[in-house]
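Asks: Build me a model from this:
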Amino acid sequence: MQSGKGAKDGPSGIHPTGDLEKYGQVQNRTRSRWSPYRVILGLALAYYGLFNLTKTHFTEHDTSRQWALRAFSNQNAISGDEAEKLYLSVPNEDSALAASRAYATHPHIASSKEDFEDSKVILKLFQNELNISAPADEPIFSAGSEASRNATLNIASLKQPVAWIDTYYPVMNTPLDRSLQILGDDGESVWDADLVEDGDPLDPDAAKYRDAVPTFHGLSKNGTAEGQLIYANYGTKEDYDELEAKGANFTGKIVLTRYFGIFRGLKIKGAQERGAVGVLIYSDPRDDGVVTVENGYAPYPLGPARNPTSVQRGSVQFISSYPGDPTTPGYPAYENATRTEGENIPKIPSLPISWANAQVLLKELSSATDARVLNGQTSARKVKLVNHVDDKIMPIYNTIAVIPGHIKDETAFAAWVLGAADPTSGTVSLHEVIRGFGALVKQGWKPLRNVLIASWDAEEYGLVGSTEWAEDFSDWISNNVVAYLNTDVSSAGSTWHSSASPSLANLIKQVALELPHPTDVGRTLWDAKNDVGPFRVGKGDEAVMQAFENQQTERQISSTGIGALGSGSDYTAFLQRLGIASMDQGFGGTPFDAVYHYHSVYDTQRWQELYADPGFYRHVAVAKHLGLVALRLTDAIILPLNTTQYALELNDYLDKIEKLAVTQSMDSSINFHHLRHAIHKLQAASIELDGEKTAAEKDFKDKLSKLPGPSRSHNRVLRWLKKLLYHILRKPDPVKEFIKAAKRVQKSNAKLVGFEKGFLDEDGIKDREWYRHLGVAPGKWLGYGATTLPSIYDALVYDKNATFAEEQVKRVAHVIEKLAVKITP
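Replies: Numbers count the residues shown, from 1 in each chain. Model prediction:
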């Protein structure tokens with residue numbers, strides 16, 4: 001928008017600041033003596049005076065409040081429904097497919113040459129789509145440098161979109177060599193595992209890059225382990241506890257566990273704490289639902305079932321302790337940063353292995369029956385595990401763009417991670433979002449709030465890029481960001497899902513109800529949350545199928561259908577450390593979908609086009625939903641954050657805690673009344689805020705309609721005479737009233753944004769103080785999954801201490817009571 005337009009044609013919002021009453025009296029006494037020439041001269045002087053007083057008027061008000069005049073002075077700019085319509089016309093399947101083929105058909109492990117080149121490709125995309133002139137020197141800055149700091153901290157002064165790359169320096173690792181052997185009685189190898197995926201030529205990318213990124217665990221311990229095998233199912237805390245109850249001794253053992261259930265690093269943490277010397281993690285077909293070779297489905301690439309040589313790579317960081325660079329917890333990984341040893345990474349080595357290799361090892365536990373039972377049995381022969389990795393400081397590259405808005409201290413944040421599904425499908429969807437925003441920018445759109453778009457690096461090592469940036473700019477984020485929108489895997493199956501802060505749930509649902517289903521005419525995107533895959537023949541593992549049914553039931557009984565956020569993607573630092581309302585979304589798999597070869601060489605473009613999203617309709621659906629949510633957050637007068645929905649959901653959180661206290665036999669020892677009362681007070685305050693924000697928006701729109709707008713007449717004399725009479729007749733100054741209404745709007749918005757932050761406590765959660773949000777956190781022994789009211793939950797379940805649990809109840813009640821006071825209008 002061109003805020004200077006009014007200065008050319010006569011300002012649209014002006015008020016003389018002289019002695020208007022005296023001026024009016026003089027005018028009345030001399031009116032009869034004015035000639036026509038005097039009238040013209042007088043009005044000309046009035047025009048000149050009003051023009052100059054307008055400039056004085058702008059400086060008399062806090063410049064942060066001028067957004068209202070700037071934003072609504074250009075009536076020709078695209079906005080509202082017109083902007084949404086244009087945006088939705090841009091994302092399309094052909095573009096998404098082309099982008100996926102460009103991004104997904106080569107490896108790009110963090111810190112590699114290919115990773116750096118991809119970051120520059122994203123930078124070029126930002127520049128091309130957002131009309132950013134590329135500077136002579138590439139805008140690639142070292143984190144902590146003046147250029148890097150200024151790029152973010154000076155966003156408020158931007159007039160045009162900009163883009164740059166911030167380079168951080170975390171400690172990570174790369175694979176050197178690895179091996180897995182079964183040893184005979186003489187200590188010599190009797191079997192050597194093939195740790196490379198087969199790379200079937202039917203999938204050209206899998207064949208070409210079968211060992212481009214060796215099968216290893218990011219942030220795993222460098223070393224060798226030798227010992228008897230012991231099977232531990234999913235390696236959950238409950239699995240380990242059950243084995244110990246049955247007399248299992250983990251000391252000196254190598255634990256064999258399967259993926260799923262919890263974050264992979266926590267499987268190793270549980271083994272390590274019990275004396276194990278190494279861990280092997282494999283992919284079990286039981287977790288693939290009905291789509292198994294046993295049920296007659298051919299393995300990929302011949303069919304939709306699991307390729308038996310596929311291996312899931314991934315980080316083994318203890319993510320529920322803290323994410324990001326292990327050696328700089330709570331502060332950014334600059335090149336010259338002071339570093340710790342790293343307390344959120346394993347002290348014993350591990351390897352990921354295939355189902356084909358796991359079957360050989362399971363026979364060491366039992367050759368006659370299925371060894372996948374929790375009985376504590378150990379192998380007769382020992383297994384030797386070698387995991388050699390190179391731990392070092394490695395550069396990573398966050399690529400960032402900003403579209404400046406009218407409100408300089410409010411920013412909506414969209415981000416993704418740089419596999420065809422994870423994470424390239426998210427990259428493809430954001431590629432389409434950027435194109436959509438670019439089309440708006442090229443039509444003269446200037447958002448009400450700033451829009452910041454980021455491509456985070458090194459997510460797969462443990463949310464490293466996003467965490468380091470969030471730790472680097474924590475104060476700026478806290479003072480400026482209104483919401484964070486994340487996408488990681490946008491297409492890996494049939495079911496659309498979203499998890500978010502409860503304050504965003506109604507917005508997410510409303511937008512999903514407005515958008516069409518990607519593949520089924522007559523249904524909506526919201527309906528896709530109930531979709532299942534196309535492969536229905538066969539029987540799945542009973543426990544796995546029951547778990548899926550339980551998830552479906554929980555989603556159905558949810559008041560919004562939107563789940564809580566745990567961890568495992570880049571919203572973590574923003575929500576659970578800094579208190580920014582956040583969301584994540586995408587299409588995921590079901591027991592009836594083609595097997596998603598997560599973090600495997602078989603997560604390829606061919607698999608994506610053949611099974612995950614033929615036609616790329618789901619990629620586009622995610623792009624449209626994410627962009628529309630972003631637009632409504634960006635351009636709404638009152639932020640669409642529903643704090644009352646959040647406050648009401650706290651009842652459900654507490655209900656679960658009270659039931660848990662019963663199962664732990666602590667219900668009689670803990671008084672939850674104070675916390676329940678605090679929640680009710682917060683609900684009452686939020687309902688009062690609902691009334692105020694509605695009234696504030698109505699008042700704003702009313703005052704906007706009364707502003708002197710562009711003249712519909714060519715007679716400028718009459719136009720400015722009308723404005724002058726407002727003051728002569730002592731009517732309220734419309735500009736002053738409008739700015740007053742704008743301040744009222746911003747006051748309501750500040751309370752809405754501050755709601756999520758109200759759950760933060762600087763002391764954090766016991767044993768994982770990096771996490772400060774007392775409303776939600778990743779489960780201590782889940783990682784991916786969310787735990788609500790986590791400090792109380794942990795006290796009940798893990799500490800099993802009623803006194804400490806009572807302290808946490810009081811602590812949370814106090815935080816909620818303070819929040820109720822803070823949001824009361």
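
Asks: C-alpha only now, for contacts and for neighbours.
Replies: Will do.

Asks: Next, residue 651: phi, psi?
Replies: The phi and psi torsions at residue 651 (degrees, to the nearest 10) take the values phi -60, psi -40.

Asks: Is it correct that residue 213 is in contact with residue 107?
Replies: Yes - assessed by C-alpha atoms under 8 Å, residue 213 is found in contact with residue 107 at 7.4 Å.

Asks: residues bridging contact with the two, i.e. touching both?
Replies: Here residue 213 and residue 107 share no contacting residue, scored by C-alpha atoms under 8 Å, 6 or more residues apart in numbering.

Asks: mind listing the strands for the stretch 101-250 of the chain?
Replies: Along the stretch 101-250 of the chain, counting by DSSP state E, counting those that start in this stretch, strands occupy 140-142, 162-168, 171-183, 189-192, 217-218, 223-231.

Asks: what would these look like in a markdown table with distance to residue 238, mean neighbour count and mean pLDDT?
Replies: Converted to a markdown table, those look like this (distance: least, C-alpha to C-alpha, whole Å; neighbours: other C-alpha atoms under 10 Å; pLDDT from 0 to 100):
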| stretch | distance to residue 238 | mean neighbour count | mean pLDDT |
| --- | --- | --- | --- |
| strand 140-142 | 44 | 19 | 98 |
| strand 162-168 | 38 | 26 | 98 |
| strand 171-183 | 27 | 19 | 97 |
| strand 189-192 | 32 | 13 | 98 |
| strand 217-218 | 23 | 25 | 97 |
| strand 223-231 | 14 | 23 | 98 |
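
Asks: Would you pull up how far stretch 633-644 lies from the middle of the chain?
Replies: Relative to its chain's centre, stretch 633-644 lies at 18 Å (C-alpha atoms, centre = their mean, to the nearest Å).

Asks: Could you list which residues are in contact with residue 337?
Replies: Each residue near residue 337 by C-alpha under 8 Å, 6+ apart is listed here: residue 328.

Asks: So the residue lying closest to residue 225 once chain neighbours are set aside versus residue 179, what's the distance?
Replies: Counting by C-alpha to C-alpha, 6 or more residues apart in numbering, residue 225 lies nearest to residue 385, which is 5.1 Å off, once chain neighbours are set aside. Here residue 385 is placed at a distance of 6 Å from residue 179 (C-alpha to C-alpha, to the nearest Å).

Asks: From the contact counts, what lies against the helix or strand where residue 363 lies?
Replies: For residue 363, the host element (DSSP states H and E) is helix 355-365. Contacts defined by 3 or more C-alpha pairs under 8 Å, 6 or more residues apart in numbering; DSSP states H and E place helix 355-365 against strand 223-231, strand 378-393.

Asks: Now do the buried residues in that helix.
Replies: Within helix 355-365, the residues scored as buried using 16 or more other C-alpha atoms under 10 Å are 355, 356, 357, 358, 361, 362, 364, 365.

Asks: one step back: could you report the distance from the residue nearest to residue 225 to residue 348?
Replies: From residue 385 to residue 348 the distance is 11 Å (C-alpha to C-alpha).

Asks: overlap in contacts of these two?
Replies: In contact with both residue 385 and residue 348: 225, 278, using C-alpha under 8 Å, 6+ apart.

Asks: these two touch, right, residue 272 and residue 348?
Replies: Yes - Residue 272 sits in contact with residue 348 when judged by C-alpha under 8 Å, with a separation of 6.6 Å.

Asks: overlap in contacts of the two?
Replies: Contact criterion C-alpha under 8 Å, 6+ apart; residues shared by residue 272 and residue 348: residue 278.

Asks: Can you classify residue 431 by secondary structure?
Replies: helix (DSSP: H, G, I helix; E, B strand; the rest coil).

Asks: Is it in contact with residue 97, as I believe?
Replies: No - using C-alpha under 8 Å, residue 431 is not in contact with residue 97, being 10.7 Å away.

Asks: hey, what's in contact with both of residue 385 and residue 179?
Replies: Residues touching both residue 385 and residue 179 (C-alpha under 8 Å, 6+ apart): none.

Asks: now the stretch 701-825 of the chain, which segments are flagged as low pLDDT?
Replies: Scanning the stretch 701-825 of the chain for pLDDT under 70 picks out 709-731.

Asks: Please work out the average pLDDT along stretch 577-588.
Replies: Throughout stretch 577-588, pLDDT has a mean value of 97.

Asks: make that stretch 424-437, sorry
Replies: The pLDDT scores in stretch 424-437 average 91.

Asks: ditto for stretch 659-671
Replies: Taken as a whole, stretch 659-671 has a mean pLDDT of 91.

Asks: hmm, who's touching it?
Replies: With contacts defined as C-alpha under 8 Å, 6+ apart, stretch 659-671 is touched by 658, 796, 797, 800, 802, 803, 805, 806.

Asks: Give me the distance from that stretch to the chain's centre.
Replies: 34 Å.

Asks: The spatially closest residue to residue 486 that is not a sequence neighbour: neighbour count?
Replies: Nearest residue to residue 486, sequence neighbours excluded (C-alpha to C-alpha, 6+ apart): residue 584, at 4.7 Å. Counted with other C-alpha atoms under 10 Å, the neighbours of residue 584 add up to 25.

Asks: Residue 584 and residue 570, how far apart?
Replies: In this structure, residue 584 and residue 570 are 9 Å apart, going by C-alpha to C-alpha.
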